[in-house]
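Colleague: Just the structure for this:
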Amino acid sequence: MKFVIVGRGILGSSLYHMLRKLGHDVVVVESGERRVFPSLIHSLLLKDKDIELARMSLDFYREFSVPMREFVSITLGKIGKDILNSWERAGVEIGETYVDWLKSNGIVARGGDRLVYVSKLISSVPFVRGKAKVDLLQEKVYLDGKELHADRYLVVAGPWNPCLLKVKSKSYYCWATLVASRMRELGNHFVYDYEKGFYSRPLLGLGTGIAIVGDGRVIESPPGRRIPVQEDEVLDRARERLGPLVPLYTAGEFCEGTPDMRPAYGPITDRVLYAGGLDGYGAEVGPGLAKLLVDFIVSGEKVQEYFLDRFSHVTNFTIGREPHEI
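Modeller: So this is what the prediction gives:
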């Protein structure tokens, strides 16, 4: 079977490798308009069925030798026993202790968090550069005006999905700030602070006190236009916990959000299928969602919790905060 994949992000790259492994002919189309960050968070410290998707993603990264680096994480704030039990069932070693450098009790987790070098995954995928257009009535995809022939078209273009398919999702802008801290531990740990309302993750993990800080806030906007943001609010809250922080650089990018801020997949027509709504945690759930789409294509199996038709009665919605992590 021949597939055309529109989008070479985490989803498109994962689909390419999965379908090629099954022996299919695959062409990937990419506009090149979205920047690729070298590394992103992969965490098992999610909730409900998202943990299973994250576990599937981790299996994919290992199978296809995507580089990763594991870190200890510390979660601050009250976490329900049911969530802690689900983390342990996923293979995470957890324990509550007083963390001197944070001056607080926290849930210390090992085996739950890592940086995954998604740029290595994405760069491994050959692609055709250009802007795709989807004709749903004719069930065809055109690249710069020329028809691309395939048995199935998989549209996984992230924030451009609402433009290409009129799917029930929205494009939004999110951002985080690179900071310097006197706390060298900050450069070696993930921190999820549900009391102060921020997250922190190492830049490279060199123990230099350099980290990336954010809080999952978003601004709804069409993709492509850089948006000026103020990082003072989240950094002020982070300073209450971490002490002095020097902002070095604030960077953002466009993502795609769904009405419930959880991923979605399913058919748009018989030949055009969709997957998206990664909601800022695509490195955790992207390859897992790709696997669900492949299973649907191959066997018709569907997981209703993530299936696109759950939004059939949605008429309008507002994008919520990104899940970092629960």
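Colleague: how far away is Lys2 from Leu143?
Modeller: 14 Å (C-beta to C-beta, to the nearest Å). From N, CA and C alone the C-beta is placed, and that goes for glycine too.
Colleague: Also Arg35?
Modeller: Per C-beta to C-beta, Arg35 is found 21 Å from Leu143.
Colleague: Between those two, which is the more surrounded one?
Modeller: More crowded of Arg35 and Leu143, by other C-beta atoms under 10 Å: Leu143, with 18 against 9.
Colleague: ok, the more buried one - contacts?
Modeller: Shown in contact with Leu143 (C-beta atoms under 8 Å, 6 or more residues apart in numbering): Val29, Val128, Gly130, Lys131, Ala132, Lys133.
Colleague: which of those has the most neighbours?
Modeller: So for the contacts of Leu143 (other C-beta under 10 Å), the most neighbours sit at Val29, 24 neighbours.
Colleague: That one should be in a strand, yeah?
Modeller: Yes: the assignment for Val29, made by DSSP: H, G, I helix; E, B strand; the rest coil, places it in a strand.
Colleague: hang on, it packs against Tyr16?
Modeller: No: between Val29 and Tyr16 there is no contact under C-beta atoms under 8 Å: 11.1 Å.
Colleague: Find the residues that touch each one of these two.
Modeller: In terms of C-beta under 8 Å, 6+ apart, Val29 and Tyr16 are both contacted by the residues Ile5, Arg8.
Colleague: quick one: the helices in the stretch 201-326 of the chain?
Modeller: 232-242, 282-299 (DSSP state H, counting those that start in this stretch).
Colleague: got a list of what the most centrally placed residue in the chain touches?
Modeller: Using C-alpha atoms, centre = their mean, the residue of the chain that lies closest to the mean C-alpha position is Gly282, 1.5 Å off. Going by C-beta under 8 Å, 6+ apart, Gly282 touches Gly9, Ile10, Leu11, Leu40, Cys255.
Colleague: do you know how far it is from Gly257?
Modeller: Distance, Gly282 to Gly257, using C-beta to C-beta: 11 Å.
Colleague: can you check Ile83 too?
Modeller: In this view, Ile83 and Gly257 are 23 Å apart by C-beta to C-beta.
Colleague: ok, now Cys163?
Modeller: Counting by C-beta to C-beta, the gap from Cys163 to Gly257 is 14 Å.
Colleague: between these two, which one's more packed in?
Modeller: Looking at Cys163 and Gly257 with other C-beta under 10 Å, you find the greater number of neighbours at Gly257, namely 27 against 14.
Colleague: I'd assumed Gly320 was in contact with that one.
Modeller: Yes: Gly257 is within contact range of Gly320, at 7.3 Å (criterion: C-beta under 8 Å).
Colleague: shared neighbours of those two, anything?
Modeller: Common neighbours of Gly257 and Gly320, counting by C-beta under 8 Å, 6+ apart, are Val218.
Colleague: pLDDT at Gly106, what is it?
Modeller: pLDDT for Gly106: 97.
Colleague: swap in Ile227?
Modeller: pLDDT, Ile227: 84.
Colleague: Would you agree it is in contact with Ser221?
Modeller: Yes: in this structure, Ile227 is within contact of Ser221 by C-beta under 8 Å, at 6.0 Å.
Colleague: quick one, strands of the stretch 51-200 of the chain?
Modeller: Applying DSSP state E, counting those that start in this stretch to the stretch 51-200 of the chain gives strands spanning 68-76, 93-99, 104-116, 128-129, 132-135, 140-143, 146-148, 152-155, 170-181, 189-193, 198-202.
Colleague: What are the contacting residues of the shortest one?
Modeller: By that I understand strand 128-129. For strand 128-129, using C-beta under 8 Å, 6+ apart, the contacting residues are Val27, Val28, Val29, Glu30, Ser31, Gly32, Leu143.
Colleague: for the third one, same thing?
Modeller: Residues from elsewhere that reach strand 104-116 (C-beta under 8 Å, 6+ apart): 39-45, 61, 66-76, 79, 84, 87, 90-99, 190, 195, 201-202, 205, 241, 283.
Colleague: contacts for stretch 134-142?
Modeller: With C-beta under 8 Å, 6+ apart as the test, stretch 134-142 has contacts from 4, 6, 29, 132-133, 147-148, 150, 153, 155, 164-165, 268-272.
Colleague: before we move on, what about stretch 312-323?
Modeller: Here stretch 312-323 makes contact (C-beta under 8 Å, 6+ apart) with 46, 50, 168, 170, 172, 174, 215-218, 220, 255, 257, 259, 261, 279-281.
Colleague: Please pick the buried ones from those residues.
Modeller: 46, 50, 168, 170, 172, 174, 215-218, 255, 257, 259, 261, 279-281 (16 or more other C-beta atoms under 10 Å).
Colleague: Just these: which are in strands?
Modeller: Among those, the members falling in strands (DSSP state E) are Lys170, Tyr172, Cys174, Val218, Cys255, Gly257.
Colleague: tell me which residues in stretch 109-118 are buried?
Modeller: Those would be Ala109, Gly112, Asp113, Arg114, Leu115, Val116, Tyr117, Val118, for stretch 109-118 by 16+ other C-beta under 10 Å.
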